[in-house]
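K.L.:
quick check, what structure comes out for this input:
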Amino acid sequence: MEIQVSRSICDLIPGFSVGVIEYKDIQVGESPQMLKGRLQLFQESIYFELLEKNVTELEGIKEWRAIFKSAGKDPNRYRHSAEALYRRIAKQNYLQSIHSAIDLNNFFSLEYQIPIGIYDSDKLTGNVTIKLGEESEEYTGLNGRTNNLANLIISADEQEPFGSPFVDSERSAVTASTTNALHIVYLRPSTSPESMQKMTQSLMNMFIQIHGGTGTYRIIGC
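P.N.:
Take a look at the predicted model:
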């Protein structure tokens, strides 16, 4: 699968980069107790941290709010997925276990304060472009609503958009029957190339440890 970042994003957001991981022959199921426990403890730690600090003061949250603003989306109305998770935790509305792929996604998103998307590769068609959404583009999201994608950073295959650091589509959702998957890690432009590589590889290794199969990763961007 070829994945590229559009020139329109590079012009607006210098240094924009994503980690891309492709998995084959994985098994998605109930999360191991190790992951459930770490996710719960981490959320409790974040909750106490947010008693003394606003969500928008966190460096990763702040940087991705600025990216949304640069792309033309009001970050107060359209909150990237990592910020949405943090705001839930601030209300003690802790994330419950869904399945191993989503739980691991949430754990890394919280740890690095960045949006991360996980998609069923077999539900995608052809190559993928990460670009700015157009006024006419929309999809039904995992939030259960029809989401207009204008000026949002989106991922689109040769059929239509399927993902965004705002909310992903129902069409590309990973389920217990998923055997091949695509991870898109929306990295912070301020992160060093070495740290981008390390973080993406760390996510891939833990994912394979839990789900089996094989994986390959790369960093692409401007």
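K.L.:
chain center to the longest helix seen in the chain: distance?
P.N.:
Ranked by residue count and defined by DSSP state H, the top helix of the chain is helix 193-211. Offset of helix 193-211 from its chain centre (C-alpha atoms, centre = their mean, to the nearest Å): 14 Å.
K.L.:
now stretch 36-55
P.N.:
With C-alpha atoms, centre = their mean, you get 19 Å for stretch 36-55.
K.L.:
I would like the residues contacting it, please.
P.N.:
31, 61, 83, 86-87, 89-90, 92, 94-95, 97, 103, 106-107, 110-111 (C-beta atoms under 8 Å, 6 or more residues apart in numbering). (Each C-beta comes from the backbone N, C-alpha and C, glycine too.)
K.L.:
farthest pair in those residues?
P.N.:
31 and 61 (24.7 Å; C-beta to C-beta).
K.L.:
which stretches of this protein form helices?
P.N.:
Using DSSP H, helices in the chain cover 7-12, 33-49, 59-71, 81-90, 100-112, 193-211.
K.L.:
nearest to residue 185, of those helices?
P.N.:
Of those, nearest to residue 185 by C-beta to C-beta is helix 193-211, at 5.6 Å.
K.L.:
which residues make contact with the closest one from outside it?
P.N.:
17, 19-21, 23, 26-28, 31-32, 35, 100-101, 104, 108, 112, 116, 183, 185, 187, 191, 214-215, 217, 219.
K.L.:
make sure residue 190 is actually in contact with residue 60.
P.N.:
No: applying C-beta atoms under 8 Å, one finds residue 190 not in contact with residue 60, separated by 9.3 Å.
K.L.:
more neighbours: those two, which one.
P.N.:
A count of neighbours by other C-beta atoms under 10 Å puts residue 60 above the other of residue 190 and residue 60, at 22 against 10.
K.L.:
which residues touch the more buried one?
P.N.:
Taking C-beta under 8 Å, 6+ apart, one finds 82, 112, 113, 114, 188 in contact with residue 60.
K.L.:
which residue packs closest to it, ignoring adjacent ones?
P.N.:
Closest residue to residue 60 apart from its sequence neighbours, by C-beta to C-beta, 6 or more residues apart in numbering: residue 113 at 2.4 Å.
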